[in-house]
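# sequence first, predicted coordinates after that:
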Amino acid sequence: MNERLIKNLIYWGIILGVSIAVFCLVFFIPHNFSMIGWINGCFFSGGIILALGLLAVVGHFGAFDMFVYGVRDVFFHMNPSKEKVKPYKDYVEYVEKKKETRKKKGFGFFWPFLTFGLLLLMAAIVLRIVFAADTGVGI
């Protein structure tokens with residue numbers, strides 16, 4: 001198998017696991033096992049997964065670079081080793097190197113978030129329509 005395919009399968013599996021875990025937390029903690037509990041579980045977990053995906057996109061564009069560089073620099077200066085070598089000269093070099101690696105990566109990381117988030121939101125909408133048809137409560 002291709003190394004990229006294996007990484008993608010692992011990534012999709014991790015996002016699927018996170019989606020299931022978030023759904024279980026939202027569904028089982030309130031102990032609401034009615035149709036409303038299912039609707040809430042699907043809706044909130046889908047929204048959370050989409051929000052995590054959007055946060056990953058924001059991180060991909062470099063919104064957290066200053067924070068990451070600062071933390072790495074603090075840990076570099078806390079290292080008492082005499083042989084330590086600074087990987088980047090300064091913040092500008094760090095940002096330039098990150099831009100180069102981001103160009104190679106692309107947006108493949110967003111597809112699992114988008115897929116599972118939208119599937120859960122669509123399931124919530126379908127369940128809401130079924131609930132409305134069954135109980136007569138308006139949409």
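Now that the structure is in, tell me what you want to look at.
# so which residues of the chain form strands?
For the chain, applying DSSP state E gives no strands.
# quick one, what contacts the residue most central in space within it?
Nearest to the geometric centre of the chain sits L52, at 3.5 Å (Cα atoms, centre = their mean). Neighbouring residues of L52 by Cβ atoms under 8 Å, 6 or more residues apart in numbering: V18, F113. (Each C-beta comes from the backbone N, C-alpha and C, glycine too.)
# distance of it from D65?
According to Cβ to Cβ, to the nearest Å, L52 stands 19 Å off from D65.
# what does G47 give?
If you measure G47 against D65 using Cβ to Cβ, the figure is 27 Å.
# swap in L119?
Taken as Cβ to Cβ, the spacing of L119 relative to D65 amounts to 32 Å.
# got it, and D73?
Distance, D73 to D65, using Cβ to Cβ: 12 Å.
# list of residues touching stretch 2-20?
For stretch 2-20, the external contacting residues (Cβ under 8 Å, 6+ apart) are S45, I49, L52, G108, F109, P112, F113, F116, G117, L120.
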